[in-house]
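Colleague: Below are the sequence and a predicted model for it; my questions follow.
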Amino acid sequence: MSDSTSGGWLKSLLRPSPTRSILALVVIGVVVGIGGLLAFDATLHATSTDAFCTSCHEMEIPLAQLEKTSHYQNASGVTAGCSDCHVPREFLPKMVRKVEAAREVWGTITGVIDTPEKYAAHAAAMKEREINRLKANDSQECRNCHDAERMLLAVQGKMAQRMHRKMLSNDKTCIDCHTGIAHPENSGD
C-alpha cells in the first residue's frame with residue numbers, strides 16, 4: 001500500500017526532512033509564523049474600521065443614529081467610531097467579540113439583515129445582546145474613554161450625581177442608564 005492511502009503521509013510529516021536542515025525548517029516556521037501574525041493583525045485592524053462596519057447598506061440606520069449624537073460630533077472634536085463601543089481592546093475579549101460579530105456578517109451574507117428594513121426588524125434583539133454584553137463586562141468600552149473617578153460630579157445635575165455615585169460604588173454600570181447614547185431609539189429612522 002502506498003504512503004498516501006495508508007496514512008503514511010502523516011508519518012512523513014513527523015519524520016525529519018532528508019533535504020532540509022532543522023535550522024532551515026525553524027527559520028521557515030518563524031517566517032511563516034510572523035507572516036501569519038502580521039496578516040492576522042492586519043485583518044483585525046481592517047475589520048475594526050468604520051469603513052468596514054458601514055460597508056453594508058443595512059448599516060445606514062446605526063450610522064445615521066450615531067451621527068446625531070455627541071459621540072460623533074461635539075465641541076471637543078473627539079469622535080467615537082463603531083469599534084470604540086463594539087470591539088474590546090483586550091485581546092481575548094476582542095477575539096470573542098469578533099466571533100460574535102460574525103453572526104451579523106453571516107446575517108448579511110444569508111439575507112437575514114441585508115436591507116435597512118430587515119436590519120430594523122432584528123435591531124431590538126441585536127441591541128439587547130449588546131446591552132447584555134456591556135452589562136456583563138461593566139461597560140468596559142465606555143470606561144476606555146470615560147473615567148468615572150475623574151468626572152466632575154459637582155457640575156452635574158442632582159440626578160446624574162446620585163446615579164454616578166451609585167455607579168462608583170458598583171451598584172450600576174454605564175449602560176444601565178445610557179442605553180440609547182449612540183443609537184437612540186427615537187432617532188426618526
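Modeller: In hand now; what should we look at?
Colleague: Which stretches in the protein count as strands?
Modeller: Secondary structure of the chain by DSSP state E: no strands are present.
Colleague: any low-confidence regions in the chain?
Modeller: 1-7, 12-14, 16-17, 185-189 (pLDDT under 70).
Colleague: What about Gly111, how many residues nearby?
Modeller: Look at Gly111: counted by other Cβ atoms under 10 Å, it has 9 neighbours. No exception for glycine: its C-beta is placed from N, CA and C like everyone else's.
Colleague: Over to it: give its phi and psi.
Modeller: Note on Gly111: its backbone torsions stand at phi 90, psi 10 [degrees, to the nearest 10].
Colleague: Next, the contact list for it, please.
Modeller: By Cβ atoms under 8 Å, 6 or more residues apart in numbering, Gly111 lies in contact with Lys118.
Colleague: what about Val30, how many neighbours?
Modeller: Using other Cβ under 10 Å: Val30 sits among 10 other residues.
Colleague: now do the one 10 residues further on
Modeller: By other Cβ under 10 Å, 10 other residues sit near Phe40.
Colleague: Check Gln156 too.
Modeller: Here the number of neighbours of Gln156 (other Cβ under 10 Å) works out to 13.
Colleague: What distance do you get for it to His178?
Modeller: 13 Å (Cβ to Cβ, to the nearest Å).
Colleague: go on, Glu90?
Modeller: Taking Cβ to Cβ, one finds Glu90 at 21 Å from His178.
Colleague: Kindly report the same for Ile131.
Modeller: From Ile131 to His178 the distance is 10 Å (Cβ to Cβ).
Colleague: So the residue nearest to Gly107 when sequence neighbours are not counted versus Ile61, what's the distance?
Modeller: Leaving aside its sequence neighbours, Gly107 sits nearest to Ile113 (Cβ to Cβ, 6 or more residues apart in numbering; 4.1 Å). From Ile113 across to Ile61, the span is 10 Å (Cβ to Cβ).
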